[in-house]
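*Asks:* Build me a model from this:
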Amino acid sequence: MRRPRLAITAAVIAIAGGVAALVWWLVQPSYDDMVKDCQKALSSAATKTDRPEACDGLSQEDYDTLLAGWVVQHTLDEMPKEDRDLLDYSDDGEINGSIG
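*Replies:* As a prediction, the model looks like this:
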(Lines give C-alpha, C1' and ligand atoms only; values in the text may rest on other atoms or scores of the structure.)
Protein backbone atom coordinates (compact mmCIF):
# COMPACT_ATOMS: atom_id res chain seq x y z
CA MET A 1 0.00 0.00 0.00
CA ARG A 2 2.93 2.34 0.53
CA ARG A 3 4.21 2.00 -3.05
CA PRO A 4 1.19 3.48 -4.86
CA ARG A 5 1.18 6.48 -2.52
CA LEU A 6 4.86 7.12 -3.28
CA ALA A 7 4.29 6.78 -7.03
CA ILE A 8 1.30 9.14 -6.92
CA THR A 9 3.30 11.70 -4.89
CA ALA A 10 6.20 11.50 -7.36
CA ALA A 11 3.82 11.90 -10.31
CA VAL A 12 2.13 14.95 -8.74
CA ILE A 13 5.52 16.55 -8.07
CA ALA A 14 6.67 15.85 -11.64
CA ILE A 15 3.46 17.32 -13.10
CA ALA A 16 3.69 20.40 -10.86
CA GLY A 17 7.31 20.90 -11.94
CA GLY A 18 6.33 20.58 -15.59
CA VAL A 19 3.51 23.09 -15.20
CA ALA A 20 5.83 25.53 -13.39
CA ALA A 21 8.45 25.20 -16.15
CA LEU A 22 5.80 25.78 -18.83
CA VAL A 23 4.46 28.89 -17.08
CA TRP A 24 8.01 30.26 -16.68
CA TRP A 25 8.73 29.64 -20.37
CA LEU A 26 5.48 31.32 -21.47
CA VAL A 27 6.12 34.54 -19.51
CA GLN A 28 9.60 35.05 -20.98
CA PRO A 29 9.78 37.80 -23.64
CA SER A 30 10.14 36.63 -27.23
CA TYR A 31 13.17 37.58 -29.30
CA ASP A 32 10.98 40.02 -31.25
CA ASP A 33 9.95 41.67 -27.98
CA MET A 34 13.63 42.00 -27.01
CA VAL A 35 14.38 43.61 -30.40
CA LYS A 36 11.55 46.14 -29.94
CA ASP A 37 12.72 46.97 -26.41
CA CYS A 38 16.28 47.41 -27.67
CA GLN A 39 15.13 49.76 -30.44
CA LYS A 40 13.38 51.92 -27.84
CA ALA A 41 16.46 51.94 -25.59
CA LEU A 42 19.00 52.97 -28.22
CA SER A 43 20.43 56.46 -27.82
CA SER A 44 23.52 58.44 -28.68
CA ALA A 45 25.24 56.89 -25.65
CA ALA A 46 25.01 53.40 -27.16
CA THR A 47 28.15 52.02 -28.77
CA LYS A 48 29.17 48.72 -30.31
CA THR A 49 30.57 47.52 -26.99
CA ASP A 50 28.46 49.53 -24.51
CA ARG A 51 24.94 48.23 -24.99
CA PRO A 52 21.82 49.44 -23.22
CA GLU A 53 20.60 46.86 -20.72
CA ALA A 54 17.50 46.19 -22.85
CA CYS A 55 19.78 44.92 -25.66
CA ASP A 56 21.64 42.30 -23.61
CA GLY A 57 19.62 39.37 -24.97
CA LEU A 58 20.35 40.12 -28.64
CA SER A 59 23.08 38.58 -30.75
CA GLN A 60 25.99 40.86 -31.64
CA GLU A 61 24.99 40.84 -35.31
CA ASP A 62 21.40 41.88 -34.56
CA TYR A 63 22.55 44.57 -32.13
CA ASP A 64 25.02 45.95 -34.68
CA THR A 65 22.24 46.08 -37.29
CA LEU A 66 19.87 47.91 -34.94
CA LEU A 67 22.60 50.34 -33.90
CA ALA A 68 23.52 51.12 -37.52
CA GLY A 69 19.84 51.65 -38.36
CA TRP A 70 19.47 53.98 -35.39
CA VAL A 71 22.51 55.99 -36.48
CA VAL A 72 21.18 56.37 -40.05
CA GLN A 73 17.69 57.33 -38.86
CA HIS A 74 19.07 59.78 -36.30
CA THR A 75 21.31 61.34 -38.95
CA LEU A 76 18.38 61.76 -41.35
CA ASP A 77 16.22 63.24 -38.61
CA GLU A 78 18.90 65.82 -37.82
CA MET A 79 19.38 66.78 -41.47
CA PRO A 80 17.34 69.67 -42.95
CA LYS A 81 14.54 68.39 -45.19
CA GLU A 82 15.88 70.10 -48.29
CA ASP A 83 19.25 68.30 -47.92
CA ARG A 84 17.72 64.83 -47.80
CA ASP A 85 18.10 62.89 -51.03
CA LEU A 86 15.67 60.03 -50.73
CA LEU A 87 15.78 59.31 -54.45
CA ASP A 88 12.63 61.27 -55.21
CA TYR A 89 13.29 61.71 -58.91
CA SER A 90 12.08 60.13 -62.09
CA ASP A 91 14.20 58.62 -64.82
CA ASP A 92 12.63 57.90 -68.18
CA GLY A 93 15.62 55.81 -69.31
CA GLU A 94 16.94 58.36 -71.78
CA ILE A 95 19.99 60.60 -71.49
CA ASN A 96 18.03 63.81 -71.63
CA GLY A 97 18.40 65.43 -68.22
CA SER A 98 15.41 63.69 -66.72
CA ILE A 99 17.39 63.07 -63.54
CA GLY A 100 17.85 66.23 -61.61
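
*Asks:* Ala21 - how many residues pack around it?
*Replies:* By the criterion of other Cβ atoms under 10 Å, Ala21 has 10 neighbours. (C-beta placed from N, C-alpha, C; glycine too.)

*Asks:* ugh, typo on my part, it should be Gly57
*Replies:* When neighbours are counted by other Cβ under 10 Å, Gly57 registers 17.

*Asks:* Next, the contact list for the residue sitting nearest the centre point of the chain, please.
*Replies:* Nearest to the geometric centre of the chain sits Val35, at 1.1 Å (Cα atoms, centre = their mean). The contact partners of Val35, taken as Cβ atoms under 8 Å, 6 or more residues apart in numbering, are 58, 62, 66.

*Asks:* For the second one, identify the helix or strand it belongs to.
*Replies:* So that's Asp62. Element membership of Asp62 [criterion: DSSP states H and E] is helix 60-78.

*Asks:* what's in contact with that helix?
*Replies:* Helix 60-78 has contacts (Cβ under 8 Å, 6+ apart) with 35, 38-39, 42, 44, 46-48, 51, 55, 58, 84.

*Asks:* These in helices, which ones?
*Replies:* Counting by DSSP state H, the part of the contacts of helix 60-78 found in helices is 35, 38-39.

*Asks:* Would you format the residues you listed as JSON lines with pLDDT included?
*Replies:* Below are these laid out as JSON lines (pLDDT from 0 to 100):
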{"residue": "Val35", "pLDDT": "90"}
{"residue": "Cys38", "pLDDT": "90"}
{"residue": "Gln39", "pLDDT": "88"}
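
*Asks:* Is it possible to get those out as TSV so that each row also shows distance to Val27?
*Replies:* Converted to TSV, these look like this (distance: Cβ to Cβ, whole Å):
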residue	distance to Val27
Val35	18
Cys38	19
Gln39	22
